[in-house]
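1. pasting the structure only:
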(Lines give C-alpha, C1' and ligand atoms only; values in the text may rest on other atoms or scores of the structure.)
Protein backbone atom coordinates (compact mmCIF):
# COMPACT_ATOMS: atom_id res chain seq x y z
CA UNK A 1 0.00 0.00 0.00
CA UNK A 2 1.40 3.40 -0.92
CA UNK A 3 1.21 6.47 1.30
CA UNK A 4 -1.49 8.24 -0.69
CA UNK A 5 -4.25 5.66 -0.41
CA UNK A 6 -5.67 3.69 2.43
CA UNK A 7 -7.25 0.32 1.74
CA UNK A 8 -10.24 -1.54 3.01
CA UNK A 9 -11.05 -4.88 1.38
CA UNK A 10 -12.03 -4.13 -2.25
CA UNK A 11 -11.98 -0.35 -1.70
CA UNK A 12 -9.27 2.31 -1.84
CA UNK A 13 -9.68 5.69 -0.18
CA UNK A 14 -7.53 8.59 -1.20
CA UNK A 15 -9.50 11.38 0.51
CA UNK A 16 -9.19 10.68 4.24
CA UNK A 17 -8.41 12.44 7.49
CA UNK A 18 -5.30 11.49 9.41
CA UNK A 19 -5.76 9.93 12.82
CA UNK A 20 -2.86 11.92 14.31
CA UNK A 21 -3.43 15.38 12.87
CA UNK A 22 -3.28 18.60 14.86
CA UNK A 23 -7.01 19.40 14.64
CA UNK A 24 -9.20 16.69 13.16
CA UNK A 25 -6.48 15.48 10.78
CA UNK A 26 -7.95 17.22 7.73
CA UNK A 27 -4.83 19.09 6.60
CA UNK A 28 -2.52 16.14 7.21
CA UNK A 29 -4.83 13.69 5.43
CA UNK A 30 -5.33 15.94 2.41
CA UNK A 31 -1.63 16.80 2.28
CA UNK A 32 -0.92 13.09 1.95
CA UNK A 33 -3.55 12.83 -0.82
CA UNK A 34 -2.06 15.78 -2.72
CA UNK A 35 1.49 14.57 -1.95
CA UNK A 36 2.57 17.92 -0.49
CA UNK A 37 3.94 18.96 2.87
CA UNK A 38 1.33 19.36 5.62
CA UNK A 39 2.57 22.84 6.55
CA UNK A 40 1.88 24.07 3.01
CA UNK A 41 -1.75 23.00 3.19
CA UNK A 42 -2.07 24.56 6.65
CA UNK A 43 -0.80 27.89 5.27
CA UNK A 44 -3.33 27.68 2.43
CA UNK A 45 -6.06 26.94 4.97
CA UNK A 46 -4.96 29.88 7.15
CA UNK A 47 -5.16 32.21 4.14
CA UNK A 48 -8.67 30.89 3.43
CA UNK A 49 -9.64 31.57 7.06
CA UNK A 50 -8.35 35.11 6.87
CA UNK A 51 -10.16 35.63 3.56
CA UNK A 52 -13.70 36.18 4.85
CA UNK A 53 -13.55 33.11 7.09
CA UNK A 54 -14.54 30.68 4.34
CA UNK A 55 -11.78 28.29 5.40
CA UNK A 56 -13.48 27.60 8.74
CA UNK A 57 -16.67 26.33 7.12
CA UNK A 58 -14.74 24.27 4.59
CA UNK A 59 -12.53 22.77 7.30
CA UNK A 60 -15.47 21.67 9.45
CA UNK A 61 -17.24 20.33 6.36
CA UNK A 62 -14.23 18.18 5.51
CA UNK A 63 -13.84 17.16 9.16
CA UNK A 64 -17.40 15.80 9.12
CA UNK A 65 -17.38 14.35 5.60
CA UNK A 66 -14.01 12.63 5.25
CA UNK A 67 -13.48 9.27 6.94
CA UNK A 68 -10.57 8.84 9.34
CA UNK A 69 -7.81 6.63 8.05
CA UNK A 70 -7.94 4.38 11.13
CA UNK A 71 -11.73 3.91 10.84
CA UNK A 72 -12.13 3.13 7.15
CA UNK A 73 -14.12 -0.01 7.94
CA UNK A 74 -16.85 2.37 9.20
CA UNK A 75 -16.58 4.82 6.28
CA UNK A 76 -19.81 3.68 4.63
CA UNK A 77 -21.85 3.71 7.82
CA UNK A 78 -24.92 5.93 7.64
CA UNK A 79 -24.54 9.42 9.08
CA UNK A 80 -27.83 11.08 8.09
CA UNK A 81 -30.28 8.69 6.41
CA UNK A 82 -27.37 7.02 4.58
CA UNK A 83 -28.00 8.70 1.22
CA UNK A 84 -24.35 9.60 0.59
CA UNK A 85 -23.23 6.09 1.55
CA UNK A 86 -25.80 4.63 -0.89
CA UNK A 87 -24.58 6.88 -3.70
CA UNK A 88 -20.95 6.03 -2.94
CA UNK A 89 -21.66 2.29 -2.96
CA UNK A 90 -23.87 2.36 -6.04
CA UNK A 91 -21.52 4.41 -8.23
CA UNK A 92 -18.25 3.24 -6.59
CA UNK A 93 -17.25 6.72 -5.44
CA UNK A 94 -15.39 7.77 -2.34
CA UNK A 95 -17.91 8.48 0.39
CA UNK A 96 -15.97 11.50 1.66
CA UNK A 97 -16.19 13.17 -1.74
CA UNK A 98 -19.91 12.44 -1.98
CA UNK A 99 -20.57 13.82 1.53
CA UNK A 100 -18.48 16.92 0.90
CA UNK A 101 -20.29 17.58 -2.37
CA UNK A 102 -23.69 17.13 -0.73
CA UNK A 103 -22.81 19.52 2.11
CA UNK A 104 -21.41 22.16 -0.24
CA UNK A 105 -24.53 21.85 -2.41
CA UNK A 106 -26.65 22.41 0.70
CA UNK A 107 -24.67 25.54 1.56
CA UNK A 108 -24.94 26.94 -1.95
CA UNK A 109 -28.70 26.32 -2.23
CA UNK A 110 -29.28 27.64 1.30
CA UNK A 111 -30.76 24.35 2.44
CA UNK A 112 -33.11 23.72 -0.50
CA UNK A 113 -30.99 20.67 -1.29
CA UNK A 114 -32.29 19.10 1.92
CA UNK A 115 -35.51 18.36 0.04
CA UNK A 116 -33.55 16.64 -2.74
CA UNK A 117 -31.55 14.73 -0.13
CA UNK A 118 -34.76 13.52 1.49
CA UNK A 119 -36.17 12.44 -1.86
CA UNK A 120 -32.96 10.55 -2.64
CA UNK A 121 -33.51 8.53 0.53
CA UNK A 122 -36.67 7.11 -1.03
CA UNK A 123 -35.51 6.99 -4.66
CA UNK A 124 -32.02 5.50 -4.44
CA UNK A 125 -32.17 1.80 -3.63
CA UNK A 126 -29.74 0.30 -1.16
CA UNK A 127 -26.67 -1.34 -2.66
CA UNK A 128 -26.64 -5.12 -2.66
CA UNK A 129 -25.29 -6.51 0.58
CA UNK A 130 -22.16 -8.61 0.39
CA UNK A 131 -22.13 -12.23 1.52
CA UNK A 132 -20.23 -11.23 4.68
CA UNK A 133 -23.00 -8.94 5.94
CA UNK A 134 -25.45 -10.50 8.41
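-> That came through, no problem. Keep in mind the model is a prediction, meaning the values are calculated, not measured.

2. What are the neighbouring residues in contact with the nearest residue in space to residue 63 that is not next to it in sequence?
-> Excluding its sequence neighbours, the residue lying closest to residue 63 (C-beta to C-beta, 6 or more residues apart in numbering) is residue 24, at 4.2 Å. (Glycine included, C-beta is placed from N, CA and C.) By C-beta atoms under 8 Å, 6 or more residues apart in numbering, residue 24 lies in contact with 17, 59, 63.

3. okay, and the helix or strand of this structure with the least pLDDT?
-> None of the helices or strands of the chain scores lower by mean pLDDT, DSSP states H and E than strand 6-8, at a mean of 57.

4. Which of the residues in stretch 87-96 are classified as buried?
-> Across stretch 87-96, burial judged by 16 or more other C-beta atoms under 10 Å covers 87, 88, 89, 94, 95, 96.

5. no no, stretch 18-36
-> Quick answer for stretch 18-36 (16+ other C-beta under 10 Å): 18, 21, 24, 25, 26, 27, 28, 29, 30, 31, 32, 33.

6. Strands - which of the residues you listed land there?
-> Secondary structure from DSSP state E places none of these in strands.

7. Surely residue 22 and residue 28 touch.
-> Yes - at 7.3 Å, residue 22 counts as touching residue 28 under the criterion of C-beta atoms under 8 Å.
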